[in-house]
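K.L.:
Have a look at this prediction, sequence included:
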Amino acid sequence: MELPTNLLPALIDGVRPGVAIGADYQLGSGAAFEPLSPIDGELTSKCGAASPADVGAAVAAAHEAFLQWRTVPAPVRGQLVLRIGEMARRHKAELAKLITLEAGKIPSEAEGEVQEWIDVCDFAVGLSRQLYGLSIASERPEHQLIEQWHPLGVVGVISAFNFPNAVWAWNAMIALVCGDSIVWKPSEQTPLISLACHEMVVRAAATMPEAPAALSCVVNGGADVGAALAADKRVPLVSATGSTAMGRKVAVAVGQRLGRSLLELGGNNAMIVTPTADLDLAVRAIVFAAVGTAGQRCTSLRRLIVHSSIVDELTTRLEKAYKSLPIGDPTKEGVLVGPLVSEASFNNMQTSLAAAKLQGGEVLCGGDRVTDAVPAGGFYVTPALVRMPKQTEVMLDETFAPLTYIVTYDTLDEAMAIHNGVPQGLSSAIFTGDIREAGRFTGPAGSDCGIANVNIGTSGAEIGGAFGGEKDTGGGRESGSDSWKQYMRRTTTTVNYGAALPLAQGVKFDV
Ligand code: UN1
């Protein structure tokens, strides 16, 4: 694949920069790394890496940029994000190519991801005129009690391979209108798309004298880079997306120094399919949610909880759909299921399948490596459908692959107990024609997830809502709604415009 080099910073000694502080690209003094494309196992790039000292330097520069940026009026900050959005629009197809190369997504999904960036830019531009505080009734005469939202500081963003553009964008675009700067530690799998996204911000910032380039910094590298970012006291907010194990480490490091963390971690998303479900829609929703992105979304459907009266029909239809899926090189026309990200990922899927069998599961279809008519170095797999006797241990873990477990239920109480009986709480869905069941599922005693859908699948959320989940998913909410508040600090201000000094709570203290 031809690289869109026009979007990338120049090579330094034949290597992609490991550190970017605005337009200042450096090799970085960490150990360079060589990510492989999931498509064919070939090298995508040789990339430099940051050392913990490089992270410190990036944070220092981002902090300086923040000091300048925080006094720029928010609607003017919005103009920067408007320009960034124009860049993303203009280069959508080329950016998507990098996502396909590094994450193995089919072009439509890769472009959909860049579209999330564009959408969140639009959202953030509007938001830049709506960073509202409250005016609160004061108990004292001639006093004003108001709440204001001020810029917070440097925001650390740690992102995963599977959404290497959108997740950064949810954080970075909102943070920029909120008056913050960003230091981004992308996945080691996806340095090129990260550098291209950053370069778009640098170019947009160069068109605005108010915007220092170091508002955007990138520190490439492994876990030590993320750890240095999480530990840095000058970073008041760390937003991390990835595994629950990674999130726990970040939460401890950030919590230790009483910083804020915003965590979007693993999901173990389920759908309840009830007797009144429209099965035509359900089948389509299940297939996209379970096997789209080769099952490598945080929101991918992993567990199907199906009423026993319809399980046979639904299973037959799903088996047929799973077996007919075009699997292969994502750059080939018509392919819907691309590769797993790595051999390790394939092995994890095999381990889960073996555990499922030991726990009484019957593999109805899939789970095999595809080697015919696909690039030899990639790990392609047939999506697996596994009928389980009940929700067993293996179903409590997230396996990042196209692996769908089916269990049955007879009463909605039973279905809800199975649904909520896992450690994670990201996305969920019910297919039903019964308004009472839908109400129950989305109500306070229903799904315990951050996302609860009716008659659509678990994946593919729009950016306008707050995105994230509960329990082991980490509790954070990113992107739309009022997620912006996390990127700002709240000041409560009381103004006395009278000539007396009444104390709150009626306290007397005359001197
Ligand atoms: C993720 O998998 O980390 O809702 C994010 C979705 C996408 C985002 C997924 N909009 O599936």
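P.N.:
Ah, there it is. Numbering: from 1, shown residues only.
K.L.:
before we move on, what SS does whatever residue of the stretch 251-400 of the chain ends up closest to the ligand have?
P.N.:
Using CB to the nearest ligand atom, Cys298 is the residue of the stretch 251-400 of the chain that sits closest to the ligand, at 3.4 Å. C-betas here are computed from N, CA, C, even on glycine. Remark: Cys298 carries the secondary structure label coil [criterion: DSSP: H, G, I helix; E, B strand; the rest coil].
K.L.:
And Arg77, by the same measure?
P.N.:
Per three-state DSSP, the secondary structure class of Arg77 is helix.
K.L.:
what about it, how many residues close to it?
P.N.:
Neighbouring residues of Arg77 were enumerated by other CB atoms under 10 Å; the total is 26.
K.L.:
what do you get for Val76?
P.N.:
In terms of burial, Val76 registers 14 neighbours under the definition other CB under 10 Å.
K.L.:
again, but for Ala376
P.N.:
By other CB under 10 Å, neighbour count at Ala376 equals 7.
K.L.:
quick one on the thing from earlier: might you report the residue contacts of the residue of the stretch 251-400 of the chain closest to the ligand?
P.N.:
Ala160, Asn162, Phe163, Thr241, Glu264, Leu265, Gly266, Gly267, Leu426, Ser427 (CB atoms under 8 Å, 6 or more residues apart in numbering).
K.L.:
same thing but at 7 Å, please
P.N.:
Applying CB atoms under 7 Å, 6 or more residues apart in numbering, we find Cys298 in contact with Glu264, Gly266, Gly267, Leu426.
K.L.:
Helix, strand, or coil at the most centrally placed residue in the chain?
P.N.:
Among the residues of the chain, Val167 comes closest to the average C-alpha position under CA atoms, centre = their mean, at 4.1 Å. Using three-state DSSP, the three-state assignment for Val167 comes out as helix.
K.L.:
Go ahead and confirm it touches Thr241.
P.N.:
Yes: shown here, Val167 and Thr241 form a contact pair, counting by CB atoms under 7 Å, at 4.9 Å.
K.L.:
what sits in contact with each of those two?
P.N.:
Between them, Val167 and Thr241 share the neighbouring residues Ser159, Ala160, with contact defined by CB under 7 Å, 6+ apart.
K.L.:
neighbours around the residue nearest to Ser29 when sequence neighbours are not counted, how many?
P.N.:
Counting by CB to CB, 6 or more residues apart in numbering, Ser51 is the residue found nearest to Ser29 once chain neighbours are left out, at 4.3 Å. Other residues near Ser51 number 19, with proximity taken as other CB under 10 Å.
K.L.:
Check which helix or strand the residue of the stretch 401-511 of the chain found nearest the ligand maps to.
P.N.:
Evaluated by CB to the nearest ligand atom, the stretch 401-511 of the chain has Ala461 as its residue closest to the ligand, separated by 3.4 Å. Using DSSP states H and E, Ala461 maps to neither a helix nor a strand.
K.L.:
So it sits against Ile451, correct?
P.N.:
Yes: with contact taken as CB under 7 Å, Ala461 and Ile451 are classed as touching, separated by 6.1 Å.
K.L.:
Run a quick neighbour tally on Arg317.
P.N.:
Residues contacting Arg317 under the criterion other CB under 10 Å number 16.
K.L.:
So it, which state does it fall into?
P.N.:
Three-state assignment for Arg317 (three-state DSSP): helix.
K.L.:
just checking, it touches Arg284?
P.N.:
No: with the criterion set as CB under 7 Å, Arg317 and Arg284 do not qualify as a contacting pair; they are 10.2 Å apart.
K.L.:
So which bits of the chain are right by the ligand?
P.N.:
The chain comes close to the ligand at residues Glu116, Asn162, Phe163, Ala166, Val167, Thr241, Arg297, Cys298, Thr299, Ser459, Gly460, Ala461, as judged by CB under 6 Å from any ligand atom.
K.L.:
any chance of those residues in JSON lines, plus pLDDT?
P.N.:
Formatted as JSON lines, the residues of the chain next to the ligand follow (pLDDT from 0 to 100):
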{"residue": "Glu116", "pLDDT": "98"}
{"residue": "Asn162", "pLDDT": "98"}
{"residue": "Phe163", "pLDDT": "98"}
{"residue": "Ala166", "pLDDT": "98"}
{"residue": "Val167", "pLDDT": "98"}
{"residue": "Thr241", "pLDDT": "98"}
{"residue": "Arg297", "pLDDT": "98"}
{"residue": "Cys298", "pLDDT": "98"}
{"residue": "Thr299", "pLDDT": "98"}
{"residue": "Ser459", "pLDDT": "97"}
{"residue": "Gly460", "pLDDT": "96"}
{"residue": "Ala461", "pLDDT": "97"}
